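Enquirer: Predicted model follows, preceded by the sequence.
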Amino acid sequence: MGNLPPQHIDTDLINKELLRLLPKVDDCLLILHDNERLEAIPHRSLKNSVQSFIDSFRQKILQGASIQPQDLKSEKLFPRMISYILEKEKVRFRRVINCTGVIIHTNLGRSILPAQTMDALYDAGGRYSNLEFDLTTGQRGSRYSLVEEQLCELTGAEAGLVVNNNAAAVLIVLETLAKGREVIVSRGQLVEIGGSFRIPDVMRRSGASLVEVGATNRTHLHDYQAALSEETGLLLRVHCSNYRIIGFTKEVSNEELVGLGKEHDIPVMEDLGSGCLVDLSRFGLMKEPTVQEVIASGVDVVTFSGDKLLGGPQAGVIVGRRHIIDKIKKNPLNRALRIDKFTLSGLESILRLYRDEKTAFATIPTLVMISTPVNVVDKRAKRLLRLLRRDLKGYAIFSVIDTISRVGGGAMPEQNLPSRAVAVKPCHVGVSSLERSLRGQDIPVIGRIENDRLLFDLRTVADDEVPLLHKALLRNFS
Ligand SMILES: *Cc1c(COP(=O)(O)O)cnc(C)c1O
């Protein structure tokens, strides 16, 4: 603190002096030229990194950050510059270890795929394939036909189609069935899903106009009846997957709505959002309608995500009546929203696993994590605890605590899964600095801070990640 300028000295002058001390990019490049750790970096990338490092220093000086002239000496500046450059060289899109306990974590890539599916993706990407080639006739084929049969078999629908994500699925169904017409939706279902996907906005984009009926908490069949007109193109239900209206409530059942649609020859659509093919209520979760139940109730077209509860790749699945799906297939928008070969191969592989429910629960990570009994999570947590207590005595206080995992991804909002976490209370550094440092590792570790401790929920950590977690903490503390 002895170097602080006396009050009467113009800080502008000091800043000018500091700015003058900043090295020139070309001079830096000359000095870094022989550094072995930077050898493999292309010149232009290296130059850009050096430039942005110096720029960030300049910014700090101009903003009056407490920088001393000796901070700008080579011995101090260059090691920092080199770490900065190496940090920038890291691949940006990286694997992380999810210790948040949120299974379908939108920020961490939603669902992760089983090993079998990864093999399928490897082939799909690295080899030629029959993506649009019919192996029986030797003629051009359709990419959609590769998963349609599976979708129909699993959901009981007459036909199916897959687009880029569920938002796209909703858009194309509305555009196909209700462009220039009216769509009736209950006020209780005008939802917003993360990333500002709002049903009313999507509806506007599709060229359909929204007719809201009922009140936020209660909508009756007669509300729909009263809103019907010559202009009605579709009756839409949106599944409340990320919120719940409780208390004095009423929603019209699928059966009632289907009956009304039939009576007036108007199709009924349900946007299921999560779209589950298995009943998860036996794990203490709330009963969500499965896709096959919705189809069986007579709904004409159903949309759902590929990477939420289904546990597959990002995709938007549309299943329903053949004449409707055929119409959607012919919509030119379909070309713009079409899935690539990775999605297709990943989705086919996932759907095959669903043919046997036991297999699905044993292999699809999203289902595995939801269904893992808490005593298994507890064992995993204690395994990590033993390693940490053995190797890091004195650095932090470790314990295993009860915690709550969540399904996440806008699925099953208030649903709690009992879980266990390893809690770390560092002795010599703050908990947020520990959190930051683990986030900065080669395989970043993402936990959550609670009551001055960093928690690692072991429900979302695979068994083979426990040693990595252990290593990450070792590297951090010692
Ligand atoms: C998640 C969700 C969507 C959007 O699905 P994406 O696959 O993220 O595009 C649309 N509707 C509902 C009800 C959802 O829950």
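Expert: Arrived safely. Residues are numbered from 1 along each chain as shown.

Enquirer: Next, work out how far apart the residue nearest to residue 72 when sequence neighbours are not counted and the ligand are.
Expert: Residue nearest to residue 72 in three dimensions, not counting chain neighbours: residue 21, with 4.3 Å by Cβ to Cβ, 6 or more residues apart in numbering. For glycine as for every other residue, the C-beta is placed from the backbone atoms N, C-alpha and C. Look at residue 21 and the ligand: by Cβ to the nearest ligand atom, to the nearest Å, they are 50 Å apart.

Enquirer: how many other residues sit next to residue 21?
Expert: 16 (other Cβ atoms under 10 Å).

Enquirer: Show me what the mean pLDDT comes to for the strand or helix carrying residue 222.
Expert: Element membership of residue 222 [criterion: DSSP states H and E] is helix 221-227. If you average the pLDDT over helix 221-227, you get 95.

Enquirer: and it, which residues are buried?
Expert: 223-224, 227 (16 or more other Cβ atoms under 10 Å).

Enquirer: what packs against it?
Expert: Helix 221-227 is packed against strand 182-186, strand 209-213, helix 254-264, with contacts defined by 3 or more Cβ pairs under 8 Å, 6 or more residues apart in numbering; DSSP states H and E.

Enquirer: mind checking how far the residue nearest to residue 72 is from residue 28?
Expert: 13 Å (Cβ to Cβ, to the nearest Å).

Enquirer: mind giving me the domain split of the chain?
Expert: 11-89, 97-105+370-477, 115-363 (automatic domain parsing).

Enquirer: quick one: low-confidence ranges for the chain?
Expert: 1-10, 192-196, 241-244, 410-414 (pLDDT under 70).

Enquirer: Can the biggest strand by length in it be said to contact the ligand?
Expert: Criterion DSSP state E: the longest strand present in the chain is strand 396-408. No. Residues of strand 396-408 are not located near the ligand by Cβ under 6 Å from any ligand atom, the shortest gap being 11.1 Å.

Enquirer: what residues does that strand touch?
Expert: Strand 396-408 has contacts (Cβ atoms under 8 Å, 6 or more residues apart in numbering) with 101-106, 285, 309, 369-370, 378, 381-382, 385, 388-389, 392, 412, 415-427, 434, 455, 457, 459-460, 477.

Enquirer: on that earlier part again, can I get the helices and strands packed on helix 221-227 in a markdown table with mean neighbour count?
Expert: Shown next, in a markdown table, are the helices and strands packed on helix 221-227 (neighbours: other Cβ atoms under 10 Å):
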| stretch | mean neighbour count |
| --- | --- |
| strand 182-186 | 24 |
| strand 209-213 | 18 |
| helix 254-264 | 16 |
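
Enquirer: For the ligand, which of those is the nearest?
Expert: strand 182-186 (11.9 Å; Cβ to the nearest ligand atom).

Enquirer: Can you work out which other helices and strands pack against the closest one?
Expert: Counting contacts by 3+ Cβ pairs under 8 Å, 6+ apart, strand 182-186 packs against helix 199-205, strand 209-213, helix 221-227, strand 232-238.

Enquirer: Taking their axis directions, the shortest one and strand 182-186 sit at what angle?
Expert: Meaning strand 209-213. Per axes from the mean of the first three to the mean of the last three Cα atoms, to 10 degrees, the angle that strand 209-213 makes with strand 182-186 is 30 degrees.

Enquirer: Tell me, how many residues neighbour whichever residue of the chain sits closest to the ligand?
Expert: Closest to the ligand within the chain is residue 273: 2.4 Å, counting by Cβ to the nearest ligand atom. Around residue 273 sit 24 other residues, with neighbours defined as other Cβ under 10 Å.

Enquirer: same deal with the one 4 residues further on?
Expert: Applying other Cβ under 10 Å, we find 20 residues neighbouring residue 277.

Enquirer: and it, what is it in contact with?
Expert: Residue 277 sits next to 154-155, 290-292, 310, 354, 360 when contact means Cβ under 8 Å, 6+ apart.

Enquirer: One more: residue 365?
Expert: Neighbours of residue 365 in contact, by Cβ under 8 Å, 6+ apart: 111-114, 311, 462.

Enquirer: So which of those sit within helices?
Expert: Judged by DSSP state H, these include no members of helices.
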